[in-house]
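**Student:** Below are the sequence and a predicted model for it; my questions follow.
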Amino acid sequence: MTALPIRVLSLIPPMTQLNTPYPSTAYLTGFLRSRGFEAVQEDLALALVLRLLSRQGLAEIAEAVERLPRDQYTQTLDAFVAQRSRYFATIEPVITFLQGRDSTLAHRIASRQYLPEGPRFASLDVYVDDEGGDPLAWAFGALGLNDKAKHLATLYLNDLADVLRDAIDPRFEFVRYAESLAASQASFEPLAKALAAPSNLIDDTLARLTLEALTEHQPTVVLISVPFPGSVYAAFRIAQSVKAHDPKIVTLLGGGFVNTELRELTEPRVFDYFDYVTLDSGERPLLSLLAYLQGQRSNKRLVRTFLRDTESQQVRYVNLVEPDVPFEEVGTPTWDGLPLERYLSLLDMLNPMHRLWSDGRWNKLTVAHGCYWKKCSFCDVSLDYIGRYESASATVLVDRIESIIQETRQTGFHFC
Ligand code: B12
Ligand code: SF4
């Protein structure tokens, strides 16, 4: 084959988390750059939510609601239609507030006069103050205004997610999308059907965002990272858009879901969307694949890579055994290109532990590869990301911490 110039675009598909980027593209982009490749990244999960939850996005959602017959309106849709102009007026300020860029809006939100309220706010009715005071005082006290406003703004977004679910796509959630199509599925059939179905507003918005990213970055290789079952459907939709735009762009699939659920992959139709699927830590498989695409090695010398044989059309697993890149040498992740000031800090449940998952932007840092213990009987310790324990020296970790703080200007870490 002729050598391909390499420009890698790594994508996080919807949905993962809204408060902080899932770290795999940061790791792979940092690694590829450390090896001299041109590499960029985009978080399409965040981008999709920000596009849908904009004034324009809500106008498109409202049009979809209006096309539904009246007898299909749920309580959520009734509340949305009745307060539509208030939603249009508040959506962009609320998003800016949840991004931490307009703190004084907290006073107006906490007054409960500012936001339109749908059925999600009924959860507040269970709290009653017998003396006529603030029924949420047990949670937020007298001065916890910002947290109270964050919680109310999260309920407001949850109402809008319910509108999306009731009017456009019942599979939509903020932290997982169409998860049932991939979770514990014995066959590709349900996913194949869903991908062949006419696109809805969410699919169309994602397709537009994908094309914008392709236009901006002009990649020759698109790497799509799927950590959870709740990001599989969108990953395939993104790959579908990439291939429809330019079938010559090479599409790669990998990530935690693949490493766990697709180890025995035999379904040739996966390769209508992805040219290659790799297992486990991505660094070594990527180096060999990129060397192949540059004409520097044959496709018999790939590492932990599934592909579809051009003649037999069957899935082939190629695994030239080569040592993985040592954890000490995978480089420092980079968040360059991800819009760190646009993530949403949400306060969903009034539970101090749960808020750590949804509130605040955490730097993610893998402090060791695999599990030191690897003895629990219920755990699949044969998986590479559990069984292969490798640590890095304290010096390397501290260097990584310092360089991440310098890049992101944030000091909160989620260690993995
Ligand atoms: C930390 C963690 C969480 C945290 C934080 C998640 C986050 N958003 O940051 C929390 C607690 C929130 C969480 C929740 C869940 N998690 Co979790 N989580 C993990 C854990 C322990 C580490 C993830 C991580 O940061 N890894 C570090 C990054 C850099 O590694 P990586 O993503 O695997 O990427 C590497 C390779 O996979 C590869 N790669 C990745 N993408 C690509 C793409 C291409 C093209 C290529 C070539 C390579 C490649 O290269 C990367 C670098 O080597 C993993 C297990 C593990 N050890 O990996 C489970 C794991 C990802 N979680 C899992 C699950 C199921 C979940 C939940 C769905 C659980 C639930 N039922 O609620 C939720 C979903 C949450 C959500 N929607 O966000 C599963 C997913 C597998 C599966 N069965 O689908 C895993 C694998 C654990 C397991 N075996 O059960 N999780
Ligand atoms: S459950 Fe698995 S990963 Fe966790 S401590 Fe036990 S063996 Fe290690």
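**Tutor:** Yep, that arrived. Numbering: from 1, shown residues only. Ligands and ions are numbered 1, 2, ... in the order given.
**Student:** Please identify the buried residues of the helix or strand where Arg108 lies?
**Tutor:** Assigned by DSSP states H and E, Arg108 belongs to helix 105-110. Across helix 105-110, burial judged by 16 or more other Cβ atoms under 10 Å covers Leu105, Ala106, Ile109, Ala110. (Glycine included, C-beta is placed from N, CA and C.)
**Student:** Quick check: nearest residue in space to the first one, chain neighbours excluded?
**Tutor:** I take that to be Leu105. Phe97 (4.3 Å; Cβ to Cβ, 6 or more residues apart in numbering).
**Student:** Flag every residue of the protein that's near ligand 2.
**Tutor:** Applying Cβ under 6 Å from any ligand atom, we find that the chain lies next to ligand 2 at Cys371, Trp373, Lys374, Lys375, Cys376, Cys379, Val381, Ile386.
**Student:** Pull the number of nearby residues for the residue nearest to the last one when sequence neighbours are not counted.
**Tutor:** In space, Ile386 comes closest to Cys371 once its chain neighbours are excluded; the distance is 4.9 Å by Cβ to Cβ, 6+ apart. Cys371 is flanked by 16 other residues according to other Cβ atoms under 10 Å.
**Student:** for Cys371, helix, strand, or coil?
**Tutor:** coil (DSSP: H, G, I helix; E, B strand; the rest coil).
**Student:** In terms of secondary structure, what does the helix holding Arg108 contact?
**Tutor:** helix 84-98, helix 145-167 (3 or more Cβ pairs under 8 Å, 6 or more residues apart in numbering; DSSP states H and E).
**Student:** Double-check the residue nearest to Leu105 against Asn146; I have them as touching.
**Tutor:** No: look at Phe97 against Asn146 with Cβ atoms under 8 Å: they stay out of range, at 9.3 Å.
**Student:** So for these two, which residue has more residues nearby?
**Tutor:** Set side by side, Phe97 and Asn146 show more neighbours around Phe97, with 23 against 20, by other Cβ under 10 Å.
**Student:** Which residues are in contact with that one?
**Tutor:** Shown in contact with Phe97 (Cβ atoms under 8 Å, 6 or more residues apart in numbering): Ser103, Leu105, Ala106, Ile109, Ala149, Ala153.
**Student:** Checking Ala39 next. Helix, strand or coil?
**Tutor:** Criterion first, three-state DSSP; result for Ala39: strand.
**Student:** ok, and the closest non-adjacent residue to it?
**Tutor:** Leu32 (3.8 Å).
**Student:** State the distance from the one you found to Arg301.
**Tutor:** 19 Å (Cβ to Cβ, to the nearest Å).
**Student:** contacting residues around the helix holding Arg108?
**Tutor:** Against helix 105-110 from outside (Cβ under 8 Å, 6+ apart): 93-94, 96-97, 114-115, 145-146, 148-150, 152-153.
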